[in-house]
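Student: mind looking at a prediction? Sequence and model below.
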Amino acid sequence: MKTYTGVSIGSLPGIVLLCVMLIGPCDDAAAQAVDRLSGERGGNFLGLPPDQAEELRRRIESTVRERGTLQSADNAEIRGNVQSQTTVVRIVPEGTVVQEGELLVELDDSSLREEAIAQRAAVAQAQAILQQTELALAAARRERDNTLAVAEAAVKVAVLNRERYLGKGGEFDLEVKKIENEMVLADTKLEVAQTALKRAEQAVEKGVADRGAVDEMKMVAAEARAALETGAATKRLLTGHLRAYRAAALELAILEADSAVTQIRIQSEAATNKVQAELLGAKAALELEEVKLAAIERQIENCRILAPRDGLVIASKEPASRLSPGPVEEGSAVRQRQLLLTMPDMSRLQVRLTVNESRIGRVRKGQTVRIQFNALPDRTFRGKVSHVAEYPQPTSYWRGDVKEFAVLVSLEDPTPEMKRELKLGMTAVGEIDVSQPDRQSP
């Protein structure tokens, strides 16, 4: 006759009780079953002594037993990171132990390398356009500077022309002085002619000279008088009219030169700004082409997937679908973000239990758990509840409205020997001690 934790299970009630223990108590149902069986046996539960019956009752009431699977608490997921669909060229076999930096998966990068060649040509073309635009900008600036220098020199010439004519000792003063000198000479000539005329008239009266000398002196005096009047009129014209006219003309020349400078500055700045805008556009185009090239080169790098750490390589366990038709192997088509491999951390192991909604309310984080694996029936492991799901797991059509919650149990410091014996995916049974007070981790 076999025993389970000191309890004889040779009888039918014992077998029923063991099934209740294996399946797990359902709130007060187990305790009611114990009471009912005890009443049928006249208070002697399964024929056990009172202390053993009480211990069995306590264990049934204070534990939750559920099945689960051994897994790693830290799985490094190796996913494809190439944007377009590509093909696996090489992949390490499942179960391979690799070191950090070793090649895990190599994807076909031939089409990406062709894109990179074409994109490098686009970058070179953008660089040439940028260089041409830079040269055009330098030429536009030189032309602007030269044209402005000529226009500003024309302004200086116009100002100097005004100063040359109107300034002190300038051309206007020289013309006035010249007229005044001519008037002085004409006035002197008139006085001399008038004196000579008087003498000639006196000589004629005395009979010493003929009448021709008088006429000649009259002609000289008339010429001198006319020159004096012409000089006076010319001076009046020069000072009264010509000076103002020429001053206005010179001022107009200065204004026109200034206006030309302004116009040239506006036009040259507009031309320069246009080339500068083209330069900015050429720089932006080059940066865009370089970004595209860098993205393609990163995609090429992503075709070689290296191990992020030392450890064991496990094949992807994603269920088959239209996008993932089966296991990833050489020649398989893979898409972006598709799971290719996993690398579990074997130093951090946990058991994922599935707890029925009728018992999940008794499970708390920090409760101790006894764990047994079907493959290791003689070994018992210890653990603690590390996480209790807030929401139930998705259910299938066949499960109906049965709600189950995931509970994670971390194994407490398994020895190296235990780690060698334990294999990921092993089926486990966890017995959660729900009699303990809450032990929430900080």
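Tutor: Arrived safely, thanks for sending. Residues are numbered from 1 along each chain as shown.

Student: phi first, then psi, for Q99.
Tutor: Q99 adopts backbone torsions of phi -110, psi 160, taken as degrees, to the nearest 10.

Student: who's in contact with it?
Tutor: Q99 is in contact with 307, 310, counting by C-beta atoms under 8 Å, 6 or more residues apart in numbering. Just so you know, the C-beta spots here come from the backbone N, C-alpha and C atoms, and that holds for glycine as well.

Student: distance of it from A307?
Tutor: Separation of Q99 from A307 (C-beta to C-beta, to the nearest Å): 7 Å.

Student: quick one: the helices in this protein?
Tutor: 12-23, 29-40, 50-62, 110-166, 171-206, 211-237, 243-302, 357-360, 416-421 (DSSP state H).

Student: of those helices, which is nearest S72?
Tutor: Closest to S72 of these, according to C-beta to C-beta: helix 416-421, at 11.1 Å.

Student: looking at that closest one now, give me its mean pLDDT.
Tutor: With pLDDT averaged residue by residue, helix 416-421 scores 78.

Student: could you export that helix as PDB, CA atoms only?
Tutor: Extracted in PDB, the C-alpha atoms of helix 416-421 (Å, rounded to 0.1, in the frame of the first residue of the first chain):
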ATOM      1  CA  PRO A 416      25.100  23.800 -10.300                       C
ATOM      2  CA  GLU A 417      24.100  20.200 -10.100                       C
ATOM      3  CA  MET A 418      20.400  21.100 -10.100                       C
ATOM      4  CA  LYS A 419      20.900  23.500 -13.000                       C
ATOM      5  CA  ARG A 420      22.500  20.600 -15.000                       C
ATOM      6  CA  GLU A 421      19.500  18.400 -14.200                       C
END
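
Student: packing partners of it?
Tutor: strand 376-388 (3 or more C-beta pairs under 8 Å, 6 or more residues apart in numbering; DSSP states H and E).

Student: got a list of contacts for the strand it packs on?
Tutor: By C-beta under 8 Å, 6+ apart, the list of residues contacting strand 376-388 reads 73, 350-351, 360, 363-373, 405-412, 414, 418, 421-422, 426, 430, 432, 439, 441.

Student: leaving aside the residues next to it on the chain, what's closest to V385?
Tutor: Nearest residue to V385 in three dimensions, chain neighbours excluded: Q367, at 4.7 Å (C-beta to C-beta, 6 or more residues apart in numbering).

Student: just give me the residue closest to the centre of this structure.
Tutor: When C-alpha atoms, centre = their mean is applied to the chain, the residue found nearest the centroid is V291 (10.9 Å).

Student: how close does that one get to A122?
Tutor: As judged by C-beta to C-beta, V291 and A122 stand 11 Å apart.

Student: tally of neighbours for E100?
Tutor: 11 (other C-beta atoms under 10 Å).

Student: residue ranges with poor pLDDT in the stretch 251-400 of the chain?
Tutor: For the stretch 251-400 of the chain, the stretches with pLDDT under 70 are 318-326, 396-400.

Student: ok, and the closest non-adjacent residue to V159?
Tutor: I254 is the one closest to V159 (C-beta to C-beta, 6+ apart), at 5.8 Å.

Student: mind listing what the one you found touches?
Tutor: Residues in contact with I254 (C-beta under 8 Å, 6+ apart) are 155, 158-159, 162.

Student: same question, K317
Tutor: Taking C-beta under 8 Å, 6+ apart as the test, what K317 contacts is T342.

Student: just to revisit the earlier point, doesn't S410 make contact with the residue nearest to V385?
Tutor: No. With contact defined as C-beta atoms under 8 Å, Q367 does not reach S410; the gap is 11.7 Å.

Student: of the two, who's got more company?
Tutor: Q367 (23 against 16).

Student: how near is the more buried one to N81?
Tutor: Distance from Q367 to N81, by C-beta to C-beta: 40 Å.

Student: neighbours around A226, how many?
Tutor: 12.

Student: over to the one 10 residues further on?
Tutor: A count of nearby residues for R236, using other C-beta under 10 Å, gives 12.

Student: one more: I179?
Tutor: For I179, the neighbour count with other C-beta under 10 Å is 20.

Student: cool, and the one 10 residues further on?
Tutor: Other residues lying near K189 total 17 when counted by other C-beta under 10 Å.

Student: quick check: it touching A222?
Tutor: No. Contact status for K189 versus A222: not in contact, 10.8 Å apart, counting by C-beta under 8 Å.

Student: mind exporting stretch 254-274 as CSV, just the C-alpha atoms?
Tutor: Output of stretch 254-274 as CSV, limited to C-alpha atoms (Å, rounded to 0.1, in the frame of the first residue of the first chain):
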residue,chain,number,x,y,z
ILE,A,254,25.3,112.1,-56.3
LEU,A,255,21.8,111.0,-55.7
GLU,A,256,21.8,108.9,-58.9
ALA,A,257,25.1,107.3,-57.8
ASP,A,258,23.7,106.6,-54.3
SER,A,259,20.5,105.1,-55.9
ALA,A,260,22.7,102.9,-58.1
VAL,A,261,24.5,101.7,-55.0
THR,A,262,21.3,100.9,-53.3
GLN,A,263,19.9,99.1,-56.4
ILE,A,264,23.0,97.1,-56.9
ARG,A,265,23.0,96.1,-53.2
ILE,A,266,19.4,95.0,-53.4
GLN,A,267,19.9,93.0,-56.6
SER,A,268,23.2,91.5,-55.5
GLU,A,269,21.8,90.5,-52.1
ALA,A,270,18.8,89.0,-53.8
ALA,A,271,21.0,87.0,-56.2
THR,A,272,23.3,86.0,-53.3
ASN,A,273,20.3,84.9,-51.1
LYS,A,274,18.9,82.9,-54.0
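
Student: quick check on the residue nearest to V385: phi, psi?
Tutor: phi -70, psi 140.

Student: that one and V434, how far apart?
Tutor: From Q367 across to V434, the span is 6 Å (C-beta to C-beta).

Student: G207: neighbour count?
Tutor: 7.

Student: my error: substitute L411 in the last question.
Tutor: 22.

Student: that one against L349, yeah?
Tutor: Yes. The criterion here is C-beta under 8 Å, and L411 meets it with L349 at 4.7 Å.
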